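A.B. asks: Got a predicted model here, sequence first, then my questions.
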Amino acid sequence: MYSFDYYNPTHICFGEGKIAELDKLIPNEAKVLILFGGNSAKRTGTLDEVKAALGQRKVLEFGGVEANPTYETLMQAVALVKEEKIDFLLAVGGGSVIDGTKFIAAAVPFEGEPWEILLSWGAKVTQAMPFGTVLTLPATGSEMNSASVVTRKEFQSKLSFMSDHVFPRFSILDPTKTFTLPERQVANGVVDAFIHITEQYLTYPVNAPVQDRFAEGLLQTLIELGPLALSEPDNLDVRANLMWVATMALSGVIGKGIPHDWATHMIGHEITALYDIDHARTIAMVLPGMLDCRRDSKKEKLLQYGKRVWGITEGDTDEKIDSAIAKTREFFEAMGINTRLSDYNLDTSSIDNIIEQLERHGMTALGEKQDVDLAMSRKILERNL
Ligand code: NZQ
Ligand code: ZN
C-alpha cells in the first residue's frame, strides 16, 4: 500500500470577475510588485483590471519576463524588490511569469548565489516571499504547484526547482482572460497538460485506482475539449473546463503516492534551452519515441491507457501499444503541434547536442526506474526524428 502526505496551501478563486477578489487576498498595507510578461497583460486590459482591484495599495510594476523566464531578467526584479522594500509579489501571466515569480520569491531572502536554488533542485530554499497569481494561460499548473523552471541564458541551462515555500498563496483563475490567447498558445496548453498527466500516469501499476481514474478522466476531458477550444474560440464553458483540467493535471493530486516519469520533460527542457522551441512542442516531439522505446517497462499502463482512454481493444500487445502511441501522436497533430524532430528542422547533429546537454546537466538516469540513460535518450530521439 502506498503512503503519502498531501500539502497544497494554494487558495483557488475560479470564475469570471474573480480578479476583484484581490482586494481581499492581499493585505491592505502590502507594497506590491506586479510581474508580467511581454505585452499581453497590458494589451488585453488584465493589468488595468488588476491595478483597479488593488485600490490604494502601493504598487510597482515589472514587465518583460520572457517566455521561458531567464535568470538574467529575474535577477533585475530581485534587485528592484530589495531596493523598493516590496513585501508582496503578484504574477499576472502564464507559467513563465508565475515560475519567474517563484524564483524571485525564493531568491530575495536567499543567502548566497541564487542560481544555487536551481542547482540544488530547490533543496537549499528555506524561506520565500509571499506571492499570488492571476493566471492568463492554462497549461503548466504552476498556479497551484511548487515547481518552477528557469533558464540561465549564458549557460544555455534550463533547470527546475521545487520547494514547499513557493506554493502561491492564492491563484485567480478567470477563464475569460484566456479568450485573447493565440491559437498556438491554446494548443501548447492542451498538449502540455496532457503530457503532465502521462508523466504521472504512464509508469507501472501500483494499485492506485483513484489516481488512475482521475488521470484518465482528465486525459479524456482534454481529448474532448482541446479541439473544441480551437474550433469554438468564444466558448466560455470550454475555456473554463480547460483551465481547470490544466490546473488539476499538475496540482499534485493525481501524482500522490505513485511513481513518476518526467524523462520527456527533462529532455524537452534541453531542447528549449538549445533551440528556443516552445515547451509544449519540445515534449510533443519526445513523448511518442519515449513510449515506443520504453514499451516493455511501461506495458501494463500503456495497455490500460489504450483501452480506457482511447478504447483500443483489438490486436496483440504490440499492436495495441502501437495504436495507443499513434492516437496520442494524432491528437497532438490535430491540435496543430508537430511531433517529429525534423518538423522543427532538428537532425542527427541536433541529437548529439541534446545528448551533450543532458550529460552536462546530470540527466543520465531519468524515468520512474532511472533507466533512461544517455544511450536510451539518444534512441528515443532517433526514433522520433
Ligand atoms: O509575454 P506576453 O506578452 O504576456 O505573452 C505570453 C507569452 O508570449 C502569451 N500570453 C499569456 N497569456 C496570454 C498571452 N497572450 C494573449 N493572451 C493571454 N491571456 O503566451 C506566451 C507564452 O506564455 P508562457 O507563460 O511562456 O506559457 P506557458 O504558460 O506555457 O509557460 C511555459 C513555461 O512554464 C514552464 C515551461 O518550461 C516554460 O518555461 N513549465 C512550468 C511548470 C511548472 N511550474 O510546474 C511545468 C511545465 O512542465 C513547464 O516546464
Ligand atoms: Zn510541461
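C.D. replies: Received, thanks. No experiment lies behind these values; they were computed from the predicted model shown. Ligands and ions are numbered 1, 2, ... in the order given.
A.B. asks: contacting residues around the longest helix along the chain?
C.D. replies: Secondary structure of the chain per DSSP state H: the longest helix is helix 209-231. By CB atoms under 8 Å, 6 or more residues apart in numbering, the residues outside helix 209-231 that reach it are 183, 186-187, 190-191, 193-194, 197-198, 200-201, 235, 238-239, 241-242, 245, 248-249, 253-258, 304-305, 308-309, 331, 334-336. Bear in mind the C-beta positions are built from the backbone N, C-alpha and C, glycine included.
A.B. asks: quick one, phi psi at the nearest residue to residue 26 once chain neighbours are set aside?
C.D. replies: Leaving aside its sequence neighbours, residue 26 sits nearest to residue 88 (CB to CB, 6 or more residues apart in numbering; 5.7 Å). With angles defined as degrees, to the nearest 10, residue 88 sits at phi -150, psi 130.
A.B. asks: rewinding a little: is the longest helix of the chain up against ligand 1 anywhere?
C.D. replies: No: judged by CB under 6 Å from any ligand atom, helix 209-231 makes no contact with ligand 1; its nearest approach is 13.1 Å.
A.B. asks: ok, back up a step: now the residue nearest to residue 26, which residues is it bridged with?
C.D. replies: Counting by DSSP bridges, residue 88 is bridged to residue 32.
A.B. asks: again, but for the one 5 residues further on
C.D. replies: Each beta-bridge partner of residue 93 is listed here, defined by DSSP bridges: residue 135.
A.B. asks: what's around the residue of the stretch 201-350 of the chain found nearest ligand 1, how many residues?
C.D. replies: Residue of the stretch 201-350 of the chain nearest ligand 1, by CB to the nearest ligand atom: residue 279 (3.9 Å). The local packing of residue 279 (other CB atoms under 10 Å) involves 24 other residues.
A.B. asks: Contact partners for it?
C.D. replies: Residues in contact with residue 279 (CB under 8 Å, 6+ apart) are 68, 95, 140, 188, 192, 268, 269, 272.
A.B. asks: that older thread, surely the residue nearest to residue 26 touches residue 129?
C.D. replies: Yes: counting by CB atoms under 8 Å, residue 88 touches residue 129, with 7.3 Å between them.
A.B. asks: Up against ligand 1, what does the protein have?
C.D. replies: Within the chain, the positions near ligand 1 by CB under 6 Å from any ligand atom are 37-41, 44, 67-68, 93-97, 99, 136-137, 139-142, 145, 147-149, 177-178, 180-181, 185, 188, 192, 250, 265, 279.
A.B. asks: Adding pLDDT, write the contacts of residue 279 out as JSON lines.
C.D. replies: Shown next, in JSON lines, are the contacts of residue 279 (pLDDT from 0 to 100):
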{"residue": "68", "pLDDT": "98"}
{"residue": "95", "pLDDT": "98"}
{"residue": "140", "pLDDT": "98"}
{"residue": "188", "pLDDT": "98"}
{"residue": "192", "pLDDT": "99"}
{"residue": "268", "pLDDT": "98"}
{"residue": "269", "pLDDT": "98"}
{"residue": "272", "pLDDT": "98"}
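A.B. asks: Which ones among the residues of the chain next to ligand 1 map onto strands?
C.D. replies: Of the residues of the chain next to ligand 1, the ones assigned to strands by DSSP state E are 93, 147, 148, 149.
A.B. asks: which of those sit farthest apart?
C.D. replies: By the measure CB to CB, 93 and 147 form the most distant pair in those, at 16.1 Å.
A.B. asks: Neighbour count for these two, which is higher?
C.D. replies: Just comparing residue 93 and residue 147: by other CB under 10 Å the higher neighbour count belongs to residue 93, 29 against 21.
A.B. asks: need the contact list for that one.
C.D. replies: Shown in contact with residue 93 (CB under 8 Å, 6+ apart): 35, 36, 37, 40, 41, 65, 134, 135, 136, 137.
A.B. asks: try 10 Å this time
C.D. replies: Going by CB atoms under 10 Å, 6 or more residues apart in numbering, residue 93 touches 34-38, 40-41, 46-47, 63, 65, 67, 69, 99-101, 133-137, 142.
A.B. asks: before we move on, the earlier item: now, of the residues of the chain next to ligand 1, which are buried?
C.D. replies: Neighbour counting by 16 or more other CB atoms under 10 Å classes 37, 40-41, 44, 67-68, 93-97, 99, 136-137, 139-142, 145, 147-149, 177-178, 181, 185, 188, 192, 250, 265, 279 among these as buried.
A.B. asks: Quickly list the domain ranges of the chain.
C.D. replies: 11-178, 183-383 (automatic domain parsing).
A.B. asks: Mind putting those domains into CSV with distance to residue 2?
C.D. replies: Formatted as CSV, the domains of the chain follow (distance: least, CB to CB, whole Å):
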stretch, distance to residue 2
domain 11-178, 20
domain 183-383, 4
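A.B. asks: Out of those domains, which gets nearest to residue 5?
C.D. replies: With respect to residue 5, and counting by CB to CB, the nearest of these is domain 183-383 at 8.3 Å.
A.B. asks: Return the distance of the closest one from the chain's centre.
C.D. replies: For domain 183-383, the distance from its own C-alpha centre to the chain's C-alpha centre is 12 Å (CA atoms, centre = their mean, to the nearest Å).
A.B. asks: And for stretch 119-134?
C.D. replies: 16 Å.
A.B. asks: now stretch 43-61
C.D. replies: 26 Å.
A.B. asks: With stretch 110-120 instead?
C.D. replies: Distance, centroid of stretch 110-120 to centroid of chain: 21 Å (CA atoms, centre = their mean).
A.B. asks: Let's test this: mean pLDDT of it, rounded?
C.D. replies: For stretch 110-120, mean pLDDT is 98.
A.B. asks: No further queries at this time; thank you.
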